[in-house]
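Enquirer: sequence and predicted structure, then a few things I'm wondering about:
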Amino acid sequence: MNKYLRFYPFIFTLLLFCSSTEAIAQEKKGKESKEVSKYERANAEYLMIDAQKFYLLEDYERAIAFLEQSLEIDKDNHAAYFKLGEIFLIQRKYDNGLKSIKKAQEIKPDNKFYYILAAQLHKSQSNLQAAASEYELMLKNATDYREYLLDLADVYVGLGNYDGAIKMLELTEEKYNTPNKFTTQKKELLLQAGKKKEALNMLKKLTEDFPGNESYKLEYADLLASTGNKTEAADILNSTKISTSSNFLLINLKLEEGDFEAAKPMISEIMMDKEADLSSKLLLMSNLSATGSDKISLSFLDQQQKTLYSIYPNDVEVIKTGEKVYSALAEKANSQDKAAYETQAFTALNQLKDLNPSDYEVWNQLLTKAYNQNSWDVLLINSEDALSYFPNQGLFYYYYGSAQLYSSKGDKEEANMAFDQALKLARNDESLTNKIRSKKLEFALEEENIKENRTTFQIPVASGKADREAINLMLRYLNESKEQKVIEDVLVLADDLIKEYPLDGDLFHVKAKVLFQLGRFAEAKQLIENFIKQNPANITGGLLEVYGDNLFMLNQIDAAVEQWKKAKNTGNTSDKIDKKIADKKYY
């Protein structure tokens, strides 16, 4: 249903409240049936009372039995048919319900509740067109239906009949004597129908007919701005009384036009205004922080955020926005200011953590930020605290293990145990599992525990592709290691993985690097050439670089330089690639 139209939502319990008693009362106003005596009618009504009792007790089968007995005595008892329709709706027997309520409509066509229930039954079957027909019959045959006009408007919106929906809004305004109550909703419907010009004309006329109504002017200016008529929108806003809403619209117009200098004093004024809507201020700050630093100065944004802090010192949403703002400023700032903004972002997260230590997302942000910035000592303290609140989070154990691995107060054995616990808790989180296994691989490589690595800490692979971080760890290790036995063990590991994932160029890169380190240059050359021939789509820059390295060792200098150049163009090479190409020499 359209979110703009639900001022008076259709509440199904209203149908339950509209009990058969009211239907009976309406029946008595009609002509007495010549075929049913007053005694029979009284008996039918007593059976209805029993049915209602079981209905309220949710014993629907017995309620149906009494209703059917009532109808055997008085076949024109439309209230009984209505009650049967209600029960069938609850039981989701929609076709039965429609048969019953149609009988009620035939007997008593001026009862609005019978059309409302029929519409509800059709809506339960997702038949909006049929539901609309029931509401239309209600308008034709019944009276006093004004509270249900918005339901018909919703159905029309669902059918894409925006003109019909607008008519229902206007009829509602007429019935309640509230002209122009649904101006915003009518504007939205016209826009959905692609009638921008009609929407503009409607709002323009309202501003002319009611020149003192500021809300109409704001609506009109907002629509003008959204349709590209920014100058005209600004003129209207400048003619209105100064208000928070008009200020926000004017600021947004100036920002869209790129006139940041004109917007600055208005931004400062509205941030200082304690009466201005806080959520609008925060949205404005978020949008401004996403703007390029060449358009609005970082120091100006810093000043505005500090203003918000001073007015709302412990407001959670203000602090959350502050964290986002300072994180964005840190990304744009020069090296001199970057650290200060990062500190401000950390401060905001620590405030949020202290205000609500049970907020998982805040802890996650705090730990992620420390991890990404290599703030290992800070990460050690915070991850330990986080685990006291969230002892079953594999990600937090991963951060704790990383802190133990790299911080000045770290313990490698403790790190390894933390990674083991993180692996147990990661369960089906493939991304986290790969991160943990990469860290365990790094630990194993540092300890030169390749035997254990082969059985437990293999290079993690997801979707047929080796983890990039793990590959880089292995290559870095191979560059630094001189232990031939250990390098041979890595070769066994690489061979095992290649058998399982024969299309992964990164794994062939590792194997080629191992062969290079072992001095088996011709074998490495042949391995790479076979891979390039069979899998041209999976060639990586790193594989081409090590291809060139092996060619160089085989004294094929020009061919080596050619492969190094290809590697550079492909990307993901070592930082020595330019020097290799320039000097025509392996480094």
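Expert: Now that the structure is in, tell me what you want to look at.

Enquirer: residue ranges with poor pLDDT in the stretch 201-350 of the chain?
Expert: The model of the stretch 201-350 of the chain has pLDDT under 70 over residues 239-247, 292-295.

Enquirer: all helices of it, in order?
Expert: Assigned by DSSP state H, counting those that start in this stretch, the helices in the stretch 201-350 of the chain fall at 214-226, 230-239, 244-256, 260-272, 278-289, 298-311, 316-332, 335-355.

Enquirer: of all these, which one comes closest to R146?
Expert: Between R146 and the helices of the stretch 201-350 of the chain, the tightest spacing by Cβ to Cβ is seen for helix 214-226, at 24.1 Å. The way it works is simple: take the backbone N, C-alpha and C, and place the C-beta from them, glycine included.

Enquirer: just to revisit the earlier point, in a markdown table: the helices of the stretch 201-350 of the chain, plus distance to R92 and mean neighbour count.
Expert: Shown next, in a markdown table, are these (distance: least, Cβ to Cβ, whole Å; neighbours: other Cβ atoms under 10 Å):
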| stretch | distance to R92 | mean neighbour count |
| --- | --- | --- |
| helix 214-226 | 43 | 21 |
| helix 230-239 | 51 | 16 |
| helix 244-256 | 46 | 19 |
| helix 260-272 | 53 | 16 |
| helix 278-289 | 41 | 17 |
| helix 298-311 | 52 | 17 |
| helix 316-332 | 43 | 20 |
| helix 335-355 | 46 | 16 |
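
Enquirer: flag the shaky bits of the chain, pLDDT-wise.
Expert: For the chain, the ranges with pLDDT under 70 are 1-35, 239-247, 292-295, 445-470, 472-473, 476-477, 479-483, 486.

Enquirer: tell me which residue is most central in it.
Expert: Nearest to the mean C-alpha position of the chain, counting by Cα atoms, centre = their mean, stands E361 at 14.7 Å.

Enquirer: that one: which element?
Expert: helix 360-372 (DSSP states H and E).

Enquirer: next, format the helices of the stretch 201-350 of the chain as TSV and append distance to V36.
Expert: Formatted as TSV, the helices of the stretch 201-350 of the chain follow (distance: least, Cβ to Cβ, whole Å):
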stretch	distance to V36
helix 214-226	58
helix 230-239	68
helix 244-256	64
helix 260-272	73
helix 278-289	63
helix 298-311	75
helix 316-332	67
helix 335-355	72
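
Enquirer: before we move on, back to that, from the contact counts, what lies against the helix holding E361?
Expert: Counting contacts by 3 or more Cβ pairs under 8 Å, 6 or more residues apart in numbering; DSSP states H and E, helix 360-372 is packed against helix 335-355, helix 376-389, helix 394-406.

Enquirer: which one of those lies closest to Y94?
Expert: Relative to Y94, the nearest member of the helices and strands packed on helix 360-372 by Cβ to Cβ is helix 394-406, separated by 47.1 Å.

Enquirer: now stretch 503-520, how far from the chain's geometric center?
Expert: Offset of stretch 503-520 from its chain centre (Cα atoms, centre = their mean, to the nearest Å): 42 Å.

Enquirer: before we move on, the earlier item: and the contacts of the helix holding E361?
Expert: Contacts of helix 360-372 with the rest of the structure, by Cβ atoms under 8 Å, 6 or more residues apart in numbering, involve 323, 327, 342, 345-346, 349-350, 352-353, 356, 375-376, 378-379, 382-383, 386, 389-390, 393, 395-396, 399, 402.

Enquirer: now do that helix against helix 376-389, angle only.
Expert: 160 degrees (axes from the mean of the first three to the mean of the last three Cα atoms, to 10 degrees).

Enquirer: report the inter-axis angle for helix 360-372 versus helix 394-406.
Expert: Going by the same axes, to 10 degrees, helix 360-372 makes 30 degrees with helix 394-406.

Enquirer: now the angle from helix 360-372 to helix 335-355?
Expert: Going by the same axes, to 10 degrees, helix 360-372 makes 150 degrees with helix 335-355.

Enquirer: buried sites along helix 360-372?
Expert: V362, W363, N364, Q365, L366, L367, K369, A370, Y371 (16 or more other Cβ atoms under 10 Å).

Enquirer: same deal with stretch 537-553?
Expert: For stretch 537-553, by 16+ other Cβ under 10 Å, it's 538-553.

Enquirer: how about stretch 378-396?
Expert: 378-380, 382-383, 385-387, 390, 393-396.

Enquirer: can you check stretch 396-411 too?
Expert: 396-407, 410.

Enquirer: which residues sit against it?
Expert: Stretch 396-411 has contacts (Cβ under 8 Å, 6+ apart) with 363, 367-368, 370-371, 374, 376-377, 379-380, 383-384, 386-387, 390, 412, 414-419, 421-422, 425, 432, 435-436, 439, 442-443.

Enquirer: surely Q192 meets Y162?
Expert: Yes - counting by Cβ atoms under 8 Å, Y162 is a contact partner of Q192 at 5.7 Å.

Enquirer: and the two? Which one has more around it.
Expert: Y162 (21 against 15; other Cβ atoms under 10 Å).

Enquirer: quick one: that one and L189, what's the gap?
Expert: Using Cβ to Cβ, to the nearest Å, Y162 is found at 5 Å from L189.

Enquirer: again with L518
Expert: 74 Å.

Enquirer: more neighbours: which of those two?
Expert: In terms of neighbours (other Cβ under 10 Å), L189 is the more surrounded of L518 and L189; the figures are 25 against 15.

Enquirer: name the residues that touch the helix or strand hosting the more buried one?
Expert: Assigned by DSSP H and E, L189 belongs to helix 183-192. By Cβ under 8 Å, 6+ apart, the surrounding residues in contact with helix 183-192 are 2, 4-5, 157, 162, 165-166, 169-170, 196, 198-199, 202-203, 206, 216, 219, 223.

Enquirer: about what we covered before: make JSON lines out of the helices and strands packed on helix 360-372 and add distance to L282.
Expert: Below are those laid out as JSON lines (distance: least, Cβ to Cβ, whole Å):
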{"stretch": "helix 335-355", "distance to L282": "13"}
{"stretch": "helix 376-389", "distance to L282": "26"}
{"stretch": "helix 394-406", "distance to L282": "28"}
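
Enquirer: and the contacts of helix 183-192, which are buried?
Expert: 2, 4-5, 157, 162, 165-166, 169-170, 199, 202-203, 206, 216, 219, 223.

Enquirer: those: which two are farthest apart?
Expert: V157 and Y216, at 23.2 Å, using Cβ to Cβ across those.

Enquirer: tell me the buried residues in the helix or strand that contains K53?
Expert: Per DSSP H and E, K53 falls inside helix 38-56. Neighbour counts over helix 38-56 (16+ other Cβ under 10 Å) mark R41, N43, A44, E45, L47, M48, D50, A51, Q52, F54, Y55 as buried.

Enquirer: which helices and strands sit right next to the helix or strand just after that helix?
Expert: Downstream of helix 38-56, the next assigned helix or strand under DSSP H and E is helix 60-73. Where contact means 3+ Cβ pairs under 8 Å, 6+ apart, helix 60-73 is packed against helix 38-56, helix 78-90.
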